[in-house]
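Give me a model of this one.
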Amino acid sequence: MAQRPSDVVVGVILVILVLFLVWTAFSFFRPSMDQRFMTGEGDVAVISMSGMITDARPFLERLEHFVDRRDVQAIVIRVESPGGVVAASQEMYEGVKRARDTGKPVVISMGSIAASGAYYLALGADTILANPGTLTGSIGVLMDFPQTTKLLNTLGIEFHSVTSGPLKNAGAPYTEWDEQTREYFSSIVMNTYEQFITAVAEERRMDIDSVRTLADGRVYTGEQALHYGLVDQLGDLHQAIRVAAEMAGIAGEPTIVKSRERQLRLWDVLFGDLNQLMDQVYQAPLLEYRYP
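Got it, this is the predicted structure:
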């Protein structure tokens, strides 16, 4: 006996509902980000900053921990990130600057990619090292908006909003864009773009018009970034540690202390993708310093 279309729709809805309930239940038991640190002593602390930038707090807590430790004389930040949310990137940048201003040398070691918001945070360090093939730069801002009006029209679904002003629900996926909406969001993007290029000009001691010519969103290799003055040296993590040790006046081979890496959890294996999907579904469009 053939299944009726309505049975299929009900089945799909039930599957989605079960997945949502499982996701919700597991969310209550997900352990928080491991904020513990290695207890061994060392001359140079190496902190890893990897993945999308969404929350500055875990990184800043680890950074402040090593800034406060008397045995640590220099800090190397290993960056592997395409960037992320604007405000979190700016908070990390300010945190790196505060660490630098304490007098402890702070050195950035760029891995495969350190673009956009990740490059922004790197600006706060004393020295930036990139590999020749590192992808960095991507100086710019983006906002992504899903548009579902055609789909909703096809399904015969309408939304009616009561707002206090014409731009209160601007960018909602069920609303059509007009010139006022586009200009509104363009002004926000361009304002944060100016913040970005101002930080680059100040920290890299460059003329702001020169920065504008580089800041069209494109990425650069490490070699290109060195040529344009966006980084200070070419070198890997080992070289970055040596540079940090020399800046701190450490004689001989420095002792390394690393922050503890978060352990892979069963949740991450089974439901990591689902959790990321649900996070995206329930969050509004974000201002991002991110390489797309």
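
So residue 116 is in contact with residue 139, correct?
Yes - Residue 116 is within contact range of residue 139, at 7.0 Å (criterion: CB atoms under 8 Å). Using the backbone N, CA and C atoms, a C-beta is placed for each residue, glycine as well.

Could you check which of those two has the larger neighbour count?
Set residue 116 next to residue 139 and count neighbours by other CB atoms under 10 Å: residue 116 wins out with 29 against 26.

Can you pull the phi and psi angles for the nearest residue to that one once chain neighbours are set aside?
Counting by CB to CB, 6 or more residues apart in numbering, residue 116 lies nearest to residue 83, which is 3.1 Å off, once chain neighbours are set aside. Dihedral pair for residue 83: phi 100, psi -160, per degrees, to the nearest 10.

Residue 83 against residue 138, yeah?
Yes - here residue 83 lies in contact with residue 138, judged by CB under 8 Å, at a distance of 6.7 Å.

Show me the residue at the heart of the protein, geometrically.
Centre of the chain computed as the mean C-alpha position; nearest residue by CA atoms, centre = their mean is residue 53, 2.0 Å away.

residues touching it, list them.
81, 83-85, 88-89, 92, 117-118, 121, 289-290 (CB atoms under 8 Å, 6 or more residues apart in numbering).

one step back: how many neighbours does the residue nearest to residue 116 have?
Residue 83: 27 neighbours (other CB under 10 Å).

Across the sheet, point out what pairs with it.
Note on residue 83: beta-bridge partners by DSSP bridges are residue 290.

confidence score at it?
The per-residue pLDDT reported for residue 83 equals 94.

returning to that earlier point: which residue, other than its chain neighbours, is closest to the residue nearest to the centre of the chain?
In space, residue 53 is closest to residue 84, 2.9 Å off (CB to CB, 6+ apart).

As CSV, could you dump the C-alpha coordinates of the strand or helix carrying residue 109?
When elements are defined using DSSP states H and E, residue 109 is found to belong to strand 106-115. Only the C-alpha atoms of strand 106-115 are listed here, as CSV (Å, rounded to 0.1, in the frame of the first residue of the first chain):
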residue,chain,number,x,y,z
VAL,A,106,53.5,38.7,23.0
VAL,A,107,54.2,37.0,19.7
ILE,A,108,51.7,35.8,17.2
SER,A,109,52.4,32.5,15.3
MET,A,110,50.0,32.2,12.3
GLY,A,111,49.3,28.6,11.1
SER,A,112,47.4,27.7,7.9
ILE,A,113,44.9,30.6,8.2
ALA,A,114,44.7,33.7,10.4
ALA,A,115,42.3,35.9,8.5
